[in-house]
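J.: Could you look at this predicted model? Sequence included:
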Amino acid sequence: MKGLLFLLVLALLALSVWNQMEIRWLRQDIRTLSGKVERQQASEGPVEQAMAAVVAARAAAVGLDAGRARTTLEAAHRRLTEAAGSAGQRAQPALRWLEAEMADLSRRAGEGSRPHP
């Protein structure tokens, strides 16, 4: 009976050690994956940067801040030009949307700079 109890305690101890090792391995995997996600998020592509710039220009135009809208629009145009050169086939719909938004914002910025009669 003592031998069986000893084997049971030994098995439980081995299982506990194995669980602790698994936890350590999983934590290491989590750290590795978190680092990969952070690096991926930090390195946004040109299409994402252009989209963010167009959205910022749209917000400035809606807020009637014409100067800020123009400067943000110019930055968006530069980023869109970069994105068009490096974008693949899958990014083409997003680029077309960005170009349409840029044209609309440019038109609005041009209207906003004219004096009203």
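T.: Great, that's in hand. The structure displayed is predicted, hence computed values, not measured ones.

J.: Could you point out the longest helix of the chain?
T.: Longest helix in the chain, counting residues (DSSP state H): helix 2-42.

J.: I'd like the average pLDDT over that helix.
T.: For helix 2-42, mean pLDDT is 89.

J.: What of stretch 82-97?
T.: The pLDDT scores in stretch 82-97 average 69.

J.: by contact count, what packs against the longest helix of the chain?
T.: Helices and strands touching helix 2-42, by 3 or more CB pairs under 8 Å, 6 or more residues apart in numbering; DSSP states H and E: there are none. Glycine gets a C-beta too; all of them are placed from N, C-alpha and C.

J.: Heading C-terminal from it, find the next helix or strand.
T.: helix 46-62 (DSSP states H and E).

J.: Can you list the helices and strands that the helix or strand following that following helix packs against?
T.: Next along the chain after helix 46-62, taking DSSP H and E as the criterion, comes helix 66-86. With contacts taken as 3+ CB pairs under 8 Å, 6+ apart, helix 66-86 sits against helix 46-62, helix 92-113.

J.: list the helices and strands the first one packs on?
T.: Counting contacts by 3+ CB pairs under 8 Å, 6+ apart, the secondary-structure elements packed against helix 46-62 are helix 66-86, helix 92-113.

J.: ranking those by burial, who's on top?
T.: Of all those, helix 66-86 carries the top mean neighbour count, a mean of 17, counting by mean count of other CB atoms under 10 Å.
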